[in-house]
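no sequence on this one, just coordinates:
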């Protein structure tokens, strides 16, 4: 775990000094490749508020989970990072759930930036339109066949607001289509 000295250590993102009582996110060193753009954040502390707003949060969480879950250490292999930086013990299914949850947060932010446009408009590909490509890229990751069980459980579970229900049903439909085309 990152060595943190309140009053001296700095947040890896905002570079402000961390104070006693600050809510933090930190990992042990897990990225060995110094050329990796996320290397400097491995074994570094973050303010929770900085981590949550970090544009590379999803990539960092996925990288942590991918690397740690392949570790030689059985204790490390049992760990995973949640969407908000908490380190827990769990299953591969928990890790997939975190990935989906993290993607939904990104997509929700992109949806708000697109002035809450209908989902169909965000997913529609128009010649020469690169406006919604980021949304479509994250949607493609969200609807990978490996996420099918998550979407089946979510849609069958119900209890969502109408927009969440629409998105979940569409994600399930897209996941099933992709799984069947393999």
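It's in. Note that the structure is predicted; figures quoted are calculated from it, not measured. Numbers count the residues shown, from 1 in each chain.

chain center to the helix or strand of the chain with the lowest mean pLDDT, what's the gap?
Every helix and strand of the chain was ranked by mean pLDDT, DSSP states H and E. The lowest is helix 74-77, at a mean of 80. Put simply, helix 74-77 sits 21 Å off its chain's centre (Cα atoms, centre = their mean, to the nearest Å).

what lines up beside the next helix or strand after that helix in the sheet?
Downstream of helix 74-77, the next assigned helix or strand under DSSP states H and E is strand 79-81. Sheet partners assigned to strand 79-81 using DSSP bridges are listed as strand 87-89 (antiparallel).

average pLDDT for the strand it pairs with?
Averaging pLDDT along strand 87-89 gives 94.

what's it in contact with?
27, 78, 79, 80, 81, 82, 94 (Cβ atoms under 8 Å, 6 or more residues apart in numbering). Backbone N, C-alpha and C define where each C-beta goes, glycine included.

So which bits of it are buried?
If you call a residue buried by 16 or more other Cβ atoms under 10 Å, then strand 87-89 has no buried ones at all.

That one: how far from the chain's middle?
With Cα atoms, centre = their mean, you get 15 Å for strand 87-89.

after that strand comes which helix or strand?
Downstream of strand 87-89, the first helix or strand assigned by DSSP H and E is helix 92-113.

Could you tell me which residues within that next one count as buried?
Neighbour counts over helix 92-113 (16+ other Cβ under 10 Å) mark 95-100, 102-107, 110-111 as buried.

what's downstream of that helix, the next helix or strand?
helix 119-123.

contacts for that next one?
Contacts of helix 119-123 (Cβ under 8 Å, 6+ apart): 110, 111, 114, 132, 135, 136, 139, 166, 167, 170.
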